[in-house]
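Student: Need coordinates for the below:
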Amino acid sequence: MQKTSCIVIFSLLILSCSKETPSSLDFKQVSDYYPLKLGVWHIYDVDSISYDDFTDPVTIDSIFYQVKEELTDTFFDLEGNLSYEITRYKRMGNDSTNTDDLPWKISDIWWVKEFNGNIERIEENNRYVTLSYPISENKSWDGNAYNYLTSWDYTYKSITDTFGEFSNTVSVIQRDSYNRVDSAFYKEVFAKKIGLVFRSRTRLKSPTNSSFTPIIHSFLCFSGGLRA
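Tutor: Purely as a prediction, here's the structure:
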């Protein structure tokens with residue numbers, strides 16, 4: 001008997017950018033890879049497929065919805081740092097309704113800030129060090145340094161690599177662990193002057209030592225811009 005969860009794959013493809021030759025100066029400021037500007041927004045397609053062989057017959061659940069994130073306000077936090085409010089919206093369609101025709105509904109208010117050269121996001125009251133200064137190959141830091149979650153060693157990889165249509169990117173491996181009952185691989189890719197362009201989160205669990213069975217989610221950012 002086996003119950004499993006979960007593979008999560010987030011793929012964000014936003015705005016195309018011109019090709020350029022990276023230099024060491026590209027990596028002085030991590031904010032180059034996470035621009036903070038009031039009114040910036042992105043829309044994400046979310047596909048979620050859950051596969052669970054604990055049931056008989058096997059249960060496969062699939063949902064689709066869209067998420068919109070927009071920097072809607074600024075404020076100074078309790079530490080006196082300029083922070084940007086992230087207003088998150090969701091809309092969920094079905095087989096008979098085009099999701100694009102549905103109104104947005106606010107789902108969350110998060111925020112993001114640049115602090116000591118780092119980019120930090122506060123999600124569900126958990127503060128994550130998303131990008132750490134300076135950017136260099138194989139550099140590691142604790143992404144959960146300011147929350148109560150288990151320590152995760154984030155690591156920079158593939159600096160200056162082309163990723164899809166983006167010619168200047170940096171990858172962050174957030175988790176890379178494996179054992180017979182729990183496997184996890186989390187990765188994010190950031191493009192210069194754009195921000196997050198790809199996210200993959202793979203998590204497999206089993207109460208036994210038998211083989212894992214996946215739950216798959218895909219997350220595609222297909223548009224973005226600046227509110228007038």
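
Student: Tell me the spacing between the residue nearest in space to the middle of the chain and V46.
Tutor: Taking Cα atoms, centre = their mean, the centroid of the chain lies closest to R199, which sits 4.8 Å from it. Between R199 and V46 the distance, using Cβ to Cβ, to the nearest Å, works out to 11 Å. C-beta: built from backbone N, CA, C; applies to glycine.

Student: picking up where we left off before, beta partners for the residue nearest to the centre of the chain?
Tutor: Following DSSP bridges, R199 is listed with bridge partners F10, E188.

Student: Run through the strands of the chain in chain order.
Tutor: 5-12, 40-52, 59-76, 82-92, 105-115, 118-123, 126-131, 140-142, 153-157, 169-178, 182-191, 195-205, 215-226 (DSSP state E).

Student: From what I see, the residue nearest to the centre of the chain and Q174 are in contact.
Tutor: No. Proximity of R199 to Q174 does not meet the contact threshold set by Cβ atoms under 8 Å, at 9.3 Å.

Student: what's the overlap in contacts for the two?
Tutor: The contact sets of R199 and Q174 overlap at K187, E188 (Cβ atoms under 8 Å, 6 or more residues apart in numbering).

Student: quick one: low-confidence ranges for the protein?
Tutor: 1-28, 49-56, 58, 179-182, 205-224, 226-228 (pLDDT under 70).

Student: ok, now with 80
Tutor: Where the chain drops to pLDDT under 80, the residues are 1-29, 47-63, 93-97, 177-183, 199-228.

Student: Just send the strands of the chain back as CSV, with distance to D32 too.
Tutor: What follows is these, written out as CSV (distance: least, Cβ to Cβ, whole Å):
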stretch, distance to D32
strand 5-12, 17
strand 40-52, 14
strand 59-76, 16
strand 82-92, 16
strand 105-115, 11
strand 118-123, 10
strand 126-131, 10
strand 140-142, 18
strand 153-157, 14
strand 169-178, 9
strand 182-191, 9
strand 195-205, 10
strand 215-226, 16
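
Student: So for V30, which of these sits nearest?
Tutor: strand 126-131 (4.0 Å; Cβ to Cβ).

Student: Which strands border the closest one, and is each parallel or antiparallel?
Tutor: Counting by DSSP bridges, strand 126-131 is paired with strand 118-123 (antiparallel).

Student: Between strand 182-191 and the partner strand, find me the angle.
Tutor: Put simply, strand 118-123 runs at 120 degrees to strand 182-191, going by axes from the mean of the first three to the mean of the last three Cα atoms, to 10 degrees.
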